[in-house]
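Participant: Curious how this folds, go ahead:
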Amino acid sequence: QLAYTFLDARFDQAYTSGSGATAAIVAAGNALPGAPRHSLFGQAQVKGPAGMTLAAETRIESRAYVDDVNSDAAAGYAVLNLSAGKTWQAGGVQWHAFGRIDNVLDRQYAGSVIVNDSNRRFFEPAPGRRVFVGLRASL
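Facilitator: Numbering: from 1, shown residues only. Presented below is the predicted three-dimensional model:
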């Protein structure tokens, strides 16, 4: 699977944001904050014998500005995730065991931004490496 998004979201016209000492002129052509221009998702999955599956996925995003005046931006990032699973039948019940590791390389990056935060606390950290395991039964 592969998905790519190109988003060229910009302000068409200049305008003044806020008032008084906090007023700022937002220039025409500034990028819309909070939206990365490039996003790429890719996943390769292999289905093996005896109900086994293995998958690797990556998510890559370009920087995202944090405010209308484009004064700062969350850096672009790339993360790698891995997963595995096994499905089998036992006594009329279909079982599926699975595991997943997100952010395998334990990258530190801004997972989201608070657009136009008046306290300039724009950046929200993404979680570090995470491990999930589970077992599902279908009757």
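Participant: Quick one: mean pLDDT for stretch 106-114?
Facilitator: Here stretch 106-114 scores 96 as its mean pLDDT.
Participant: whoops, stretch 29-43 was the one
Facilitator: For stretch 29-43, mean pLDDT is 97.
Participant: remind me which residues of the chain are low pLDDT?
Facilitator: Applying pLDDT under 70 to the chain picks out no residues at all.
Participant: Tell me which residues touch the residue lying closest to residue 45 once chain neighbours are set aside, please.
Facilitator: Among residues not flanking residue 45 along the chain, residue 55 sits closest, at 4.1 Å (CB to CB, 6 or more residues apart in numbering). Any C-beta I mention is one placed from the backbone N, CA and C, and that applies to glycine too. Residue 55 is in contact with 43, 44, 45, 46, 82, 83, 84, counting by CB atoms under 8 Å, 6 or more residues apart in numbering.
Participant: Look up how far residue 139 lies from the residue of the chain positioned farthest from its centre.
Facilitator: Going by CA atoms, centre = their mean, the residue of the chain most distant from its centre is residue 91, 40.0 Å out. Distance, residue 91 to residue 139, using CB to CB, to the nearest Å: 10 Å.
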